[in-house]
Structure formats: C-alpha cells, structure tokens
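1. Pasting a predicted model and its sequence here:
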Amino acid sequence: MSSVTVRVPAKVNLQLSVGPVRPDGFHELATIFQAVGLFDEVVARTPAVPGITLTLSGEGEGELPLDERNLAYRAAVLLAEHTGAEPSVDLHIHKAIPIAGGMAGGSADAAAALLACDTLWRQSTPREELTALATELGSDVPFALHGGTAIGTGRGENLTPVLSRGSFHWVFAVADQGLSTPAVYAECDRLRGGRTVPDPYVSDMLMQAVRAGDALLLGKALHNDLQPAALSLRPVLRQVLEVGEDLGALGGVVSGSGPTCAFVARDDEHALDIAVALTASGVCRTVRRASGPVAGARVTG
Ligand code: ATP
C-alpha cells in the first residue's frame, strides 16, 4: 500500500450550551454535533525520502501553516509516537471546509490524518486508542472520527451517539473572514460579565426533533450560546441570519464559534432556493449545501 485517501466531514452544532469556565480555563459544554456532507480529503503517501511533509489545496491554500502548527501534521507525529511507527508520510489535504468557520475543519483534518497514517503504516490501532489520541489533538477531533449525530459533553470530547431519523437539508453561508474560537469565547465571557452561569444542558426539544427527523421542530430548536458573542464581533451576521429567515429557512444559527451561519431547509429543492437567494443577496462570500448526518472519517481509497 503506497497511498491512502480518507474523507472527513464538517460539523454543525445543533445546540451549543456553554457553561461556566472550569479551573483548566475551558468552558464546560453540552452540545449536539451533527456531521454534514461537506468534506475535506486527506491523502497519505509513502514518501521517497523519510520524514513528514504536508501540502494543501482548496480553502486556506497559501494561508494555513504546513508544519507542526497544522493539526494534520501533529496527528501524524502523535500517531508515530504512540505506535512506534516511523514518522514518514507525504500528506495532502484537499480542503473544502471553510477555515476558522465554526465547522471544525482543522479537527476534521486531524481525524483524517490519524486514520490515513494508521492505515498507511498498517498499525490497526484500536478504535478506543485512536479516539484517545484524537482527544489529545483537540476537543472536536473525536467527533470528526465518529460522525453521525452525537451529544458532546466536557469540552465536547465525551461523545454519546444520538439515533437520528432521516436526513436534514442544510445551507451554509460562509463568511469572507474566519473568527478565532478563543476570541469568541472571550467575548462570550465579557458579555456575561460577572453573572452566575448555569450548568450546560441538552435541549429536550432538539433531541425530539433529531429522533423524529422533524426539520420544522429542529429549525425552532437550534440554539447557540456563542451566537451573541459572534454577532457582537461580526455584526453583519445578524443580517445574514435575517436574510436566511426572510428566505423561508425553517431556522438559522451561527455554527459553533462562527462566522458560518447554518440554515435548515424543508428538502433539497428548498435548500437550493435558499442557497441561490443567499448567494444573490451578497451578504456572504459563498454558500454551500449539504445534508446530515453523515459518517465520520472513512478510508475511501
Ligand atoms: P472549531 O469549529 O473547532 O472552533 P473552526 O472551524 O472555527 O474550528 P478551524 O478551521 O478548524 O476553525 O481552525 C482554526 C485555526 O486552526 C486556523 O485558523 C488555523 O490557524 C488552525 N489550523 C491548524 N490546522 C488546521 C487545518 N488543517 N485546517 C484548518 N485550520 C487549521
């Protein structure tokens, strides 16, 4: 085997409940993740010369670091350390997930690189060990491996799968410029002032919507505690959400730490209508359609 290709999805948070700051500086979270059909692809090849190299095309080309600051690179190093395999791989990322968009693209690449290197290096690392390595790389990495729909607690890394019926149709309004996740959490803290923050919780209405495959209910139940902070840092997002609503979306929400806004549509045709009108409105850089849930990182070739 000289080449392995892994496809990995983006995520949207159907609900993101942000609790108090923990002693380790992270916020206690309760979230419902859904993996959606907007994919990065990571190709791992046996190199001519031993060592790790990384190249990237698509979103973020020429912008993202290609050394140990890149989560995919770090994933390869971590797996080699863990398994004792020689850290030798040429990695290439074909990137479609927007950067710093609140869709966990970096985490997705880390999950894909773990799986691609594990396969290329013929390690067959047990799933639980891969998940533990994923957790070391970042809070959202385990979900990118897992996919589907899941409740995330702690920093989002403790996952409980959620059975979900059918498929939801999403439209994503992608912004010109990303938002830094730490900056959005800091703004959330600032807006909360010194107020006591309740423990994070999972919404019953959302769970019901997901279990029943009820897009109308899902649209009503979407909720993100980071949304006020994202809107405060990027006021134009208010307009993006209003446009989506005016176009008849069943609901709209800032995805994760933003600035991508996610809208639920009734069906594929409705999603296409919303996407076309959002594009024409000029309030965002680009628009993507995807359905969810989809599987997590998978070897495709
Ligand atoms: P999240 O939803 O998990 O908060 P995000 O979607 O907002 O994440 P990402 O695109 O995952 O943001 O990454 C944010 C930052 O992480 C980037 O600005 C970049 O500096 C760094 N990063 C490291 N590796 C990658 C990668 N492979 N792809 C994207 N960003 C990466």
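-> Thanks, I have the structure now. This structure is a prediction, so every number in the text was calculated from the model and none was measured. Numbers count the residues shown, from 1 in each chain.
2. Mind telling me what element the residue of the chain found nearest the ligand is part of?
-> Relative to the ligand, the nearest point of the chain is Gly106 (2.9 Å; CB to the nearest ligand atom). For glycine as for every other residue, the C-beta is placed from the backbone atoms N, C-alpha and C. Following DSSP states H and E, one finds Gly106 within helix 105-120.
3. Let me see the mean pLDDT of that helix.
-> Averaged over helix 105-120, pLDDT sits at 98.
4. For it, list the C-alpha coordinates in PDB.
-> Extracted C-alpha coordinates of helix 105-120, given in PDB (Å, rounded to 0.1, in the frame of the first residue of the first chain):
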ATOM      1  CA  GLY A 105     -12.200  21.900   9.600                       C
ATOM      2  CA  GLY A 106      -8.900  21.700  11.400                       C
ATOM      3  CA  SER A 107     -10.200  19.000  13.700                       C
ATOM      4  CA  ALA A 108     -11.600  17.100  10.700                       C
ATOM      5  CA  ASP A 109      -8.100  17.100   9.000                       C
ATOM      6  CA  ALA A 110      -6.500  15.900  12.300                       C
ATOM      7  CA  ALA A 111      -9.000  13.000  12.400                       C
ATOM      8  CA  ALA A 112      -8.500  12.100   8.800                       C
ATOM      9  CA  ALA A 113      -4.700  12.200   9.100                       C
ATOM     10  CA  LEU A 114      -4.800   9.900  12.100                       C
ATOM     11  CA  LEU A 115      -6.900   7.400  10.200                       C
ATOM     12  CA  ALA A 116      -4.900   7.800   6.900                       C
ATOM     13  CA  CYS A 117      -1.500   7.300   8.700                       C
ATOM     14  CA  ASP A 118      -2.800   4.400  10.800                       C
ATOM     15  CA  THR A 119      -3.800   2.700   7.600                       C
ATOM     16  CA  LEU A 120      -0.700   3.600   5.600                       C
END
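5. if we can go back for a sec, once you drop chain neighbours, what's closest to the residue of the chain closest to the ligand?
-> Leu71 (4.6 Å; CB to CB, 6 or more residues apart in numbering).
6. Identify the residues contacting that neighbour.
-> Neighbour list for Leu71: Gly106, Ser107, Asp109, Ala110, Ala113, Leu137, Gly138, Val141 [criterion: CB atoms under 8 Å, 6 or more residues apart in numbering].
7. who wins for neighbours among those?
-> Asp109 (34 neighbours; other CB atoms under 10 Å).
8. Give me the distance between it and Ser57.
-> 13 Å (CB to CB, to the nearest Å).
9. So for those two, which residues contact both of them?
-> Ile93, Lys95.
10. Which two of the contacts of Leu71 have the greatest separation?
-> Ala113 and Gly138 (12.1 Å; CB to CB).
11. No more questions from me, cheers.
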